[in-house]
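A.B. asks: Coordinates for the following, if possible.
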Amino acid sequence: LDDPAELFGKIDAVLIESVDGSVHLDRALPFLKRGIPTYVDKPFACSSRDARAMIDLAMTMHIPLMSSSSLRYAPEVVAARAQGKPLGVATYGPAPTHPRNPGLYHYGIHPVEMLYTLMGSGCKRLTCLSRPEGEVVTGVWDDGRIATIRGIRKGQAAYGFTTFGVKAVSTQGVSTQFIYRELLKKMITMFQTREMPIDPRETLEIITFIEAAKTSADADGRPVDLTL
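C.D. replies: Sure thing, here's the model as predicted:
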């Protein structure tokens, strides 16, 4: 089809699957304006402005909207989250870049989403050091907890995390075997129930976090406050 409008009345929901996050706002808006439940693949957007525009419209019109890394629903991550709020978390994963998805917007969004799944929202300030070999972000949450992300760009790359708790420190590798199945379950449930499985304010904070990390990296690690 040549025009998204040709789909109106023929579909129950839509998935925006462009690899380029900078076009997601333009491609999602026609469907959101029609009240069609929408899933936007990662990265949700490549700016907090675009992310806020989609979320504000969805919230105002009560339209189900979701964006998520499949790593959020990895069984290892889900099990760790069920253990309660950690004192701190360190996640890691491959973070190759894309010409239109700079910094951690591309594959780096996976360890970012794992971090937010385990820590919850509330990052207030971060610093980021970026080199061709990798990228490290350290964030401070509003309750004083500290968390870090390592985006790997050279050498062996895998997904995993370490949680720091009151009684134990635990390091866990993360398999990708079941992640798409588990993500699709959440998507289909949202389309059926029209209930969003992720607080859109957390989705906005994730994009703002990556945006702030890019700002900090460009300034060679200068601390940046998150403004939502």
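A.B. asks: buried stuff in the longest helix belonging to the chain?
C.D. replies: Assignment by DSSP state H gives helix 200-218 as the longest helix of the chain. Buried residues in helix 200-218, defined by neighbour count with 16 or more other Cβ atoms under 10 Å: 200, 203-214, 216-217. Just so you know, the C-beta spots here come from the backbone N, C-alpha and C atoms, and that holds for glycine as well.
A.B. asks: What ranges does this structure have for its strands?
C.D. replies: Secondary structure of the chain (DSSP state E): strands located at 14-16, 38-40, 65-66, 88-94, 123-131, 134-141, 146-152, 160-164, 169-173, 224-225.
A.B. asks: Of those strands, which stretch is the most buried?
C.D. replies: Burial of the strands of the chain is given as mean neighbour count (mean count of other Cβ atoms under 10 Å); strand 38-40 ranks first at a mean of 25.
A.B. asks: Who are the packing partners of that one?
C.D. replies: For strand 38-40, the packing partners by 3 or more Cβ pairs under 8 Å, 6 or more residues apart in numbering; DSSP states H and E come out as strand 14-16, helix 24-33, strand 65-66.
A.B. asks: Dump the ones you listed to a markdown table, plus mean pLDDT.
C.D. replies: Shown next, in a markdown table, are the helices and strands packed on strand 38-40 (pLDDT from 0 to 100):
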| stretch | mean pLDDT |
| --- | --- |
| strand 14-16 | 97 |
| helix 24-33 | 97 |
| strand 65-66 | 98 |
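A.B. asks: Serialize those to a markdown table and add fields for distance to residue 194.
C.D. replies: Listed next are the helices and strands packed on strand 38-40 as a markdown table, based on distance: least, Cβ to Cβ, whole Å:
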| stretch | distance to residue 194 |
| --- | --- |
| strand 14-16 | 14 |
| helix 24-33 | 13 |
| strand 65-66 | 10 |
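A.B. asks: residue contacts, residue 121?
C.D. replies: By Cβ atoms under 8 Å, 6 or more residues apart in numbering, the contact set of residue 121 is 199, 201, 202, 205.
A.B. asks: same thing with residue 34?
C.D. replies: For residue 34, the contacting residues are residue 8, by Cβ under 8 Å, 6+ apart.
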